[in-house]
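1. Mind folding the following:
(4 chains)
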Protein chains: 2
Amino acid sequence: MKKIKKYHQIQEYIKKRIQTQKYPPDSYLPSENEFCVQFGTTRTTVRKALDELLKEGFIAKEQGKGSKVLERGKYLGLLSVKGFSGSTDYKVKTRVTVEPKVVEWDPIIGFPLSEDEKSSKCVYFQRVRYIDDKPVVLENNWYALNALEPIRSEEFVEGSFFKTLSQEYLIEIMGAEQELRSVPASGDIAKKLGIAVGAPILHISIRFRTSRPHLNLYGDLYCNTTEYPIRNSYFL
Amino acid sequence: MKKIKKYHQIQEYIKKRIQTQKYPPDSYLPSENEFCVQFGTTRTTVRKALDELLKEGFIAKEQGKGSKVLERGKYLGLLSVKGFSGSTDYKVKTRVTVEPKVVEWDPIIGFPLSEDEKSSKCVYFQRVRYIDDKPVVLENNWYALNALEPIRSEEFVEGSFFKTLSQEYLIEIMGAEQELRSVPASGDIAKKLGIAVGAPILHISIRFRTSRPHLNLYGDLYCNTTEYPIRNSYFL
DNA sequence: AAGTGGTCTAGACCACGCG
DNA sequence: GCGTGGTCTAGACCACTTT
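-> A predicted model of the protein is given here:
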C-alpha cells in the first residue's frame, strides 16, 4: 500500500494537461486559489505542486501575473548547436536519413546496456541536421524495442522526436550523460558532412534518461564545429 | 528600503558557515527544529531556507537522519574529465605553469567583455592537468582585476582556485556558458600536451558567472580526449 | 481596487532511520 | 521510542501587476 501525496497528484494532473496542450505553451495556468478550490486543499500544497513543475521546467512563475506554461526542452541546458532553437538568424533543418527500423544493438554505443535492454532488439534511426543548408551534425539514435514501439518519422510532432515522446506518449527527458571526444573524420562521416577526411570533428556519445522506467535513448553524434560550435550553459 | 526575507537571512547564515567550514563537509546540520528555536521562526521558513541551499548544491537531505553538508562543486554538472574527482583509479595532478599575474586582456577569450571589464586590466594564469602523469588539459584563465585581487597560487586552498574563492572570499560559481570546438593542435599546444601537431583536440571556451557582481571567470581549455574523454551529466 | 504570486505563522500527523 | 525530515491545514499579510 503506497501513500498518495496530494501535491504529487496535482503536479501530475497539471503536467498531463501541459503535455497534451490543454494548457498550451505561453498561456497562464489557473491561479493558485482556483486550484485550491478544484482540489479541496490549501495554497501550501498547490504551491508545492507548482514548485515541482517549476523545477522540471514546465512552468515559470511571474509575480502578480500568474504561472506561465513553457515550451519544455528549451530551458533544459542540453548541448545545442550555436544558433539552434535560437533566433531565426539561421535556417535549421533536420532530415531523417535512415527511417526508424528494428535492428540489433550497435557496439558503437558508448554506454553499457542493462540486461533488460540486451534481451531486446532495438529501434534505430539516423538524422542529419542542417544549418543554412549545410550539413553540420550527423546523429544516430537507438532505443530498446521492449520499452517503446517504433515510431515512424512522418508521425513526429513538428518533426521533433522529443516532442512526440512528450505529447503522444507522456514521456519526458529526465537527464543525460555525455562523453565528448575530438576525433578525425572517417571517410563515411566526412562524406556525409561534406568535409575532408581526417578533419577534426566532435564526437558525442549520449545516454538520455526518461520518465518511463527502463527507457533510455542512446545517441552517437558527429559535429562539424568549424563554423557552428556546440553551446552549453547551466545555471543553479 | 529593501525588505529582508527571513528565510534568506537563515540561508545566508548557514551558507557562510558551510563556506568557512564551521559546518564541514559530510557533517550534519543542526535539525530543523533547532534552527526554529535559534531564529525564532517556524519550520516552514527554516525549510524554505534549506530548500534553497539544496537547490544551490550545498546540502543534501536525508529523511530520518538530517541535512548533510556537501562538498560543493562535485555535484554541479560541470564538464569534467572522465576520472577527475571520481574514485582514485587515476592519479590527478594540477601544475600551475604560469603564476597569476596582471596583464592586458587576451583577444582569444571567446566571449564579449563588459564595459566594466574592458576598463580594467586582468589577472591571468595557466595550469596543466595531469592524469597518471600525462598532460591532458591545458587551461588558461582570466578575470578582471577590478573585481578581485590577484591570488598567488601557493595560497590556493588544497590547490584549488574555486575552493579558495568559496572559503576565503565567499564567492560561489553560479553557472557557466561554454562553447566547444574540435580543432587541430597548434605547435605550441601540441608540445605542451605531448601530442602530434594537427591531432584533433577539444577546445572549450568558458565563462563562469559568480555570486560576486561583475566578476566573471574566463577559461580557454585544450583537452587531449584520446584517452580521457570529457564527461558531462545533467539531471532535473 | 482586485487579483496574482511571495512570505510567514502555529500548529498537526506521517514516514523513515537508528538505537 | 525518539528524533529526523516530509506532508498538510487554515489562516494572515505583503509585493507586484493589471484594470
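2. Outline the domain layout of chain A.
-> According to automatic domain parsing, chain A comprises the domains A:6-69, A:80-231.
3. Make a markdown table from those and add mean pLDDT to it.
-> A markdown table is the format used below for the domains of chain A (pLDDT from 0 to 100):
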| stretch | mean pLDDT |
| --- | --- |
| domain A:6-69 | 95 |
| domain A:80-231 | 89 |
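4. Looking at the ones you listed, spot the one closest to DNA strand D.
-> Judged by CB to the nearest atom of the strand, the one of those that comes nearest to DNA strand D is domain A:6-69, at 2.6 Å. To be clear about C-beta, it is placed using only N, CA and C from the backbone, and glycine gets the same treatment.
5. Endpoints of that closest one, how far apart?
-> Its first and final residues considered, domain A:6-69 spans 21 Å by CA to CA, to the nearest Å.
6. can you tell if it touches chain B?
-> Yes - contact of domain A:6-69 with chain B (CB under 8 Å from any CB of the partner chain) involves A:44, A:55-57.
7. can you tell me which of these are up against DNA strand C?
-> Among the residues of domain A:6-69 next to chain B, the residues within reach of DNA strand C (CB under 7 Å from any atom of the strand) are A:Thr44.
8. Let's see which of the residues of domain A:6-69 next to chain B end up in helices.
-> Those of the residues of domain A:6-69 next to chain B mapping onto helices are A:44, A:55, per DSSP state H.
9. circling back: for the domains of chain A, give me JSON lines that also has mean neighbour count.
-> Listed next are the domains of chain A as JSON lines, based on neighbours: other CB atoms under 10 Å in any protein chain shown:
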{"stretch": "domain A:6-69", "mean neighbour count": "16"}
{"stretch": "domain A:80-231", "mean neighbour count": "17"}
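10. Any idea which of these gets closest to B:Asp116?
-> Smallest distance to B:Asp116 across those (CB to CB): 24.0 Å, for domain A:80-231.
11. quick one: the closest one near chain B?
-> Yes - Domain A:80-231 is in contact with chain B by CB under 8 Å from any CB, via A:82, A:174-184, A:200-202, A:209, A:223, A:225-226, A:229-231.
12. Near DNA strand D, which residues of chain A? Just list them.
-> With CB under 7 Å from any atom of the strand as the criterion, chain A meets DNA strand D at residues A:5-8, A:40-45, A:48, A:62-65.
13. So which of these sit within strands?
-> Within the residues of chain A next to DNA strand D, residues falling in strands by DSSP state E are A:Glu62.
14. okay, stretch A:39-49 in PDB with CA atoms only?
-> Output of stretch A:39-49 as PDB, limited to C-alpha atoms (Å, rounded to 0.1, in the frame of the first residue of the first chain):
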ATOM      1  CA  PHE A  39      -8.600  20.100  -5.400                       C
ATOM      2  CA  GLY A  40     -10.000  21.000  -2.000                       C
ATOM      3  CA  THR A  41      -6.700  21.900  -0.400                       C
ATOM      4  CA  THR A  42      -4.600  24.800   0.700                       C
ATOM      5  CA  ARG A  43      -2.200  27.000  -1.100                       C
ATOM      6  CA  THR A  44       0.800  25.400   0.600                       C
ATOM      7  CA  THR A  45       0.000  22.100  -1.200                       C
ATOM      8  CA  VAL A  46      -0.800  23.700  -4.500                       C
ATOM      9  CA  ARG A  47       2.400  25.800  -4.400                       C
ATOM     10  CA  LYS A  48       4.400  22.600  -3.600                       C
ATOM     11  CA  ALA A  49       3.000  21.100  -6.800                       C
END
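15. what does that stretch contact?
-> The contact list for stretch A:39-49 (CB atoms under 8 Å, 6 or more residues apart in numbering or on different chains) reads A:6-11, A:14, A:32-33, A:35-36, B:44.
16. Apply 10 Å and report the result again.
-> For stretch A:39-49, contacts defined as CB atoms under 10 Å, 6 or more residues apart in numbering or on different chains pick out A:5-15, A:30-38, A:50, A:54, A:61, B:44.
17. excluding its backbone neighbours, what's nearest A:Lys101?
-> Once flanking residues are discounted, A:Lys101 sits nearest to A:Tyr124: 6.2 Å by CB to CB, 6 or more residues apart in numbering or on different chains.
18. quick one, what contacts the one you found?
-> Neighbour list for A:Tyr124: A:98-106, A:140-143, A:145, A:150, A:218 [criterion: CB under 10 Å, 6+ apart].
19. Over to A:Tyr218?
-> By CB under 10 Å, 6+ apart, the neighbours of A:Tyr218 are A:105-106, A:108-111, A:113, A:117, A:122, A:124, A:140-144, A:205-208.
20. What of A:Glu139?
-> By CB under 10 Å, 6+ apart, the contact list for A:Glu139 reads A:94, A:97, A:125-129, A:204, A:206, A:219-223.
21. name the element it belongs to?
-> A:Glu139 belongs to strand A:134-144 when assigned by DSSP states H and E.
22. Could I get the full set of helices for chain A?
-> Applying DSSP H to chain A gives helices spanning A:6-19, A:32-39, A:43-55, A:115-118, A:161-169, A:187-193.
23. what about A:Thr164, distance to B:Lys55?
-> 31 Å (CB to CB, to the nearest Å).
24. no wait, A:Met174
-> A:Met174 sits 17 Å away from B:Lys55, going by CB to CB.
25. quick one, what contacts the spatially closest residue to A:Pro25 that is not a sequence neighbour?
-> Nearest-residue entry for A:Pro25: A:Glu71, 4.4 Å, with adjacent residues in sequence omitted and distances by CB to CB, 6+ apart. A:Glu71 makes contact with A:18, A:24-26, A:57-58, A:85, A:163, according to CB under 10 Å, 6+ apart.
26. from those, which single one is nearest A:Ile189?
-> Nearest to A:Ile189 out of those is A:Ser85 (CB to CB; 24.0 Å).
27. ok, and the closest non-adjacent residue to A:Ser153?
-> Nearest to A:Ser153 is A:Val96, by CB to CB, 6+ apart, at 4.3 Å.
28. wait, isn't the one you found in contact with A:Glu155?
-> No - using CB atoms under 10 Å, A:Val96 is not in contact with A:Glu155; the gap is 11.4 Å.
29. Go ahead and flag the most central residue of chain A.
-> Compute the mean C-alpha point of chain A, and by CA atoms, centre = their mean the closest residue is A:Phe162, 4.6 Å away.
30. Check the gap between that one and A:Glu168 for me.
-> On the measure of CB to CB, A:Phe162 and A:Glu168 end up 11 Å apart.
31. Beta-bridge partners for A:Tyr222, please?
-> Applying DSSP bridges to A:Tyr222 gives these bridge partners: A:Leu138, A:His203.
32. So what sits opposite the residue nearest to A:Lys101 in the bridge?
-> Beta-bridge pairing for A:Tyr124 (DSSP bridges): A:Lys101, A:Trp142.
33. Could I get the contacting residues of A:Phe156?
-> Contacts for A:Phe156 were tallied using CB under 10 Å, 6+ apart; they are A:94, A:96, A:100, A:162-165, A:168.
34. Check A:Leu165 too.
-> A:19, A:143, A:148, A:151, A:156-157, A:171-173, A:208, A:210-212, A:215, A:217.
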